[in-house]
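Participant: how would this look folded up:
(one chain, ligands or ions: 1)
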Amino acid sequence: MSNPKPSAPTILIIDDDAEIRYSLGRVLSTGNYNIIEAGSGEEGVAMVKKGPLPDLVFLDIRMGGMSGIEALQHIRGANPKQLVVLMTAFGTAQTAIEAMKFGAFDYIMKPFDPTKVLTLAENALQANREMDAVGDYKPTINSEDYKEGIVGSSAPMQEVFKIIGQVTASDVTVMITGESGTGKELVARSIWKHSHRSSKPFIAVNCAAIPDNLIESELFGHEKGSFTGATGQRIGKFELCDGGTIFLDEIGDMALATQTKILRVLQQGEIQRVGGTDTIKVDVRIIAATNKNLEEMVPAKEFREDLYYRLNVVRIKMPPLRERADDIPQIVDFCLQNLVKQRKTRVSKVSPEAIDVLCRYRWHGNVRELENVIYRSAVIAQGDAILPKDLPVEIRSAVGPGTGTTPPIAAASIAPASAAPIKTEAVATADETDDVEESTVSENAAVATPAPIGGALTLEQAFDFIQETLPHDEEPILTRIEREMVKRVLVAVDGNQAKAAERLGMTRTTLRKRIEAYGLKD
Ligand SMILES: Nc1ncnc2c1ncn2[C@@H]1O[C@H](COP(=O)(O)OP(=O)(O)OP(=O)(O)O)[C@@H](O)[C@H]1O
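Facilitator: Modelled structure (predicted):
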């Protein structure tokens, strides 16, 4: 179309309409790109297969001969990393779904808005560069870690592993505490797997999920006719688990009457079925877990003191994920490799920028939340790596702009110490965080700013976007922005009003008034 620009990215336009090729080519030529063209799906596919590979393809959906969706499949088959933007005159749900299903980077409606075309091309090429920068995948977790299912090389997790090792040789009762999703059940299973009971059952019972009137029958069984609905005899979990290990999850939610019966199992090793008179001997190891504070429940008479001491012989306290951010890269790697093994994704890497965002998020749902985010992001990632734009917008906005300190290495090969910008022992203070962000905000704004279509925005673009998209007839822009910022900063500092006021640059009294006015009290 024009003289080749050395080292400029090449964009291939595939459309059977010469006018569209011409006008799109003209728009794109205003950016620093080399433009090549194909007049049909067949020709375009042949060009990609023959090479050299274009950096980006704009592909029309409706063409005579090979359709755009067919061409997309051939192109991605020849080069799974090829970024393709589909062009369509009709914005139907079906088109959008088909386009994304077959791996398009994005799709754009005709007639084209020149600014949008250029932004889209830049976003796509930026994603390309970020994916290239991720490099090759080199696993860092050895197969032993995979077998165990528990990942973590941080100091608090090493302590947990040591205690697991110490308690496996005996039958001592173990109490595992920690927030939801920190891996309490995983630890209980690990203790059982390494114990002499591993050939006998491991049964997990979630005490909070079973109604009070059914839990005793569930745990100890019942005799026929012992209550309405007991149409036959039922063997309970303790009997089924004889010789094995029972995991009583959420024990803090157990009714006091049932607690008494658990105490009896622990003291005498025997149970009675509901409605029965026989005493049945059982040999079961009990591991209990809770995310409640039993130390407060005991004086409040909500948990039996004698049972508390019986259960609490050895305590394993699971650290929240935010206190062991150096484990995050490895857990991410582990989750991704599992998804790949289960053929749920082909994405096997995470870009350093995305890892940086993940390491700075507070993870109130702990490893379970991280697992879900990785799954969700792997599903929507278009290339072979998860980029910041693939992470949920809530996470990107909660952490704010990146620190830019993470070196450009493959996610899976990230050594924990180099990848985690947050300290293990203590989270960076508000002052430290502010310092880092102020000095890096302009270069890194694109990393974590929410992007509406496929790519990251610069701060400038983000302001344009806000100005254009906020409805004019509702509240003023500044009010809306202030409310959002107050909300996000409060989340980012875990509700600490002193820190939030400092970051927002307002007094605590003003902050309190804003929280009140914006209805942000939880
Ligand atoms: N260290 C870890 N490495 C790998 N996966 C982990 C780790 N910790 C937790 N997980 C995964 O996170 C999810 C939640 O773990 P688990 O159910 O053991 O947590 P929990 O503390 O028992 O949660 P809850 O209190 O809600 O029952 C599981 O899918 C588990 O495999």
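Participant: now do the contacts for residue 244.
Facilitator: 192, 197, 200, 201, 202, 203, 284, 285 (CB atoms under 8 Å, 6 or more residues apart in numbering). C-beta coordinates here come from the backbone N, C-alpha and C atoms, glycine included.
Participant: so which strand or helix has residue 66?
Facilitator: Using DSSP states H and E, residue 66 sits in no helix or strand.
Participant: just the pLDDT at it, thanks.
Facilitator: On pLDDT, residue 66 comes in at 93.
Participant: before we move on, the earlier item: now distance to the ligand too, for the contacts of residue 244, in a markdown table please.
Facilitator: As requested, the contacts of residue 244 are exported to a markdown table (distance: CB to the nearest ligand atom, whole Å):
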| residue | distance to the ligand |
| --- | --- |
| 192 | 13 |
| 197 | 19 |
| 200 | 21 |
| 201 | 18 |
| 202 | 13 |
| 203 | 15 |
| 284 | 19 |
| 285 | 17 |
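Participant: and the buried ones among those, selectable in ChimeraX?
Facilitator: Selection command for ChimeraX covering only the buried members of the contacts of residue 244, criterion 16 or more other CB atoms under 10 Å:
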select :192,197,200,202,203,284,285
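Participant: would you turn the contacts of residue 244 into a markdown table with secondary structure and pLDDT?
Facilitator: Below are these laid out as a markdown table (DSSP: H, G, I helix; E, B strand; the rest coil; pLDDT from 0 to 100):
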| residue | secondary structure | pLDDT |
| --- | --- | --- |
| 192 | helix | 94 |
| 197 | coil | 95 |
| 200 | coil | 96 |
| 201 | coil | 96 |
| 202 | strand | 96 |
| 203 | strand | 97 |
| 284 | coil | 96 |
| 285 | strand | 96 |
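Participant: dump the contacts of residue 244 into CSV; add distance to residue 316 as well.
Facilitator: As requested, these are arranged in CSV below (distance: CB to CB, whole Å):
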residue, distance to residue 316
192, 13
197, 17
200, 22
201, 21
202, 16
203, 19
284, 19
285, 14
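Participant: quick one: contacts for the residue in the stretch 251-400 of the chain positioned nearest to the ligand?
Facilitator: Relative to the ligand, the nearest point of the stretch 251-400 of the chain is residue 367 (3.5 Å; CB to the nearest ligand atom). Counting by CB under 8 Å, 6+ apart, residue 367 touches 181, 182, 183, 321, 331.
Participant: restrict those residues to contacts with the ligand.
Facilitator: Contacts with the ligand within those, counted by CB under 6 Å from any ligand atom: 181, 182, 183, 331.
Participant: dump the residue contacts of the residue most central in space within the chain.
Facilitator: For the chain, the residue sitting closest to the mean C-alpha position, by CA atoms, centre = their mean, is residue 373 at 1.9 Å. Residues in contact with residue 373 (CB under 8 Å, 6+ apart) are 358, 391, 392, 395.
Participant: identify, from the contacts of residue 367, the entry nearest to residue 80.
Facilitator: The closest of the contacts of residue 367 to residue 80 turns out to be residue 331 (CB to CB; 25.9 Å).
Participant: is that closest one in a helix, a strand, or coil?
Facilitator: Under DSSP: H, G, I helix; E, B strand; the rest coil, the three-state class of residue 331 is helix.
Participant: report the separation between it and residue 354.
Facilitator: Residue 331 sits 14 Å away from residue 354, going by CB to CB, to the nearest Å.
Participant: the more surrounded of these two?
Facilitator: More crowded of residue 331 and residue 354, by other CB atoms under 10 Å: residue 354, with 30 against 21.
Participant: report pLDDT for that one.
Facilitator: 93.
Participant: now the one 3 residues further on
Facilitator: On pLDDT, residue 357 comes in at 94.
Participant: picking that back up, please tell me how far the residue of the stretch 251-400 of the chain closest to the ligand sits from residue 14.
Facilitator: Counting by CB to CB, the gap from residue 367 to residue 14 is 44 Å.
Participant: do residue 200 as well
Facilitator: Noted for residue 200: a distance of 63 Å to residue 14, by CB to CB.
Participant: what's the closest of the ones next to the ligand among the contacts of residue 367 to the ligand?
Facilitator: Minimum distance to the ligand across those is 2.7 Å, recorded for residue 183 (CB to the nearest ligand atom).
Participant: who are the contact partners of the closest one?
Facilitator: 150, 318, 366, 367.
Participant: what packs against the helix or strand hosting residue 133?
Facilitator: According to DSSP H and E, residue 133 maps onto helix 114-134. Using 3 or more CB pairs under 8 Å, 6 or more residues apart in numbering; DSSP states H and E, the elements in contact with helix 114-134 are helix 18-29, strand 56-60, strand 84-88, strand 106-109, helix 352-360, strand 385-386.
Participant: which of the ones you listed sits closest to residue 520?
Facilitator: Nearest to residue 520, of all these, is helix 352-360, at 22.2 Å by CB to CB.
Participant: shouldn't the residue of the stretch 251-400 of the chain closest to the ligand be within a helix?
Facilitator: Yes: counting by three-state DSSP, residue 367 is found in a helix.
Participant: what is the burial count for residue 6?
Facilitator: 6.
Participant: pLDDT wise, what is it at?
Facilitator: Residue 6 is assigned 70 on the pLDDT scale.
Participant: now do the one 10 residues further on
Facilitator: As summarised for this prediction, residue 16 has a pLDDT of 94.
Participant: and it, how close does it get to the ligand?
Facilitator: The gap separating residue 16 from the ligand is 49 Å, by CB to the nearest ligand atom, to the nearest Å.
Participant: ok but that residue is inside a helix, no?
Facilitator: No: counting by three-state DSSP, residue 16 is not found in a helix; it is coil.
Participant: phi first, then psi, for it.
Facilitator: phi -90, psi 0 (degrees, to the nearest 10).
Participant: so it makes contact with residue 63?
Facilitator: Yes: counting by CB atoms under 8 Å, residue 16 does reach residue 63; the two are 4.4 Å apart.
Participant: touching both of those two, which residues are there?
Facilitator: Here residue 16 and residue 63 share the contacting residues residue 40, scored by CB under 8 Å, 6+ apart.
Participant: have a look at the contacts of residue 183 and tell me the least confident one.
Facilitator: Among the contacts of residue 183, pLDDT bottoms out at residue 150, giving 88.
Participant: what about burial for the contacts of residue 183, which qualify?
Facilitator: For the contacts of residue 183, buried by 16+ other CB under 10 Å: 150, 318, 366, 367.
Participant: and the two most separated of those?
Facilitator: Longest span within these, CB to CB: 150 and 366, 13.1 Å.
Participant: now the strands for the stretch 101-250 of the chain?
Facilitator: Here the stretch 101-250 of the chain has its strands, by DSSP state E, counting those that start in this stretch, at 106-109, 174-177, 202-206, 221-222, 234-235, 245-249.
Participant: right, I'll call it a day here.
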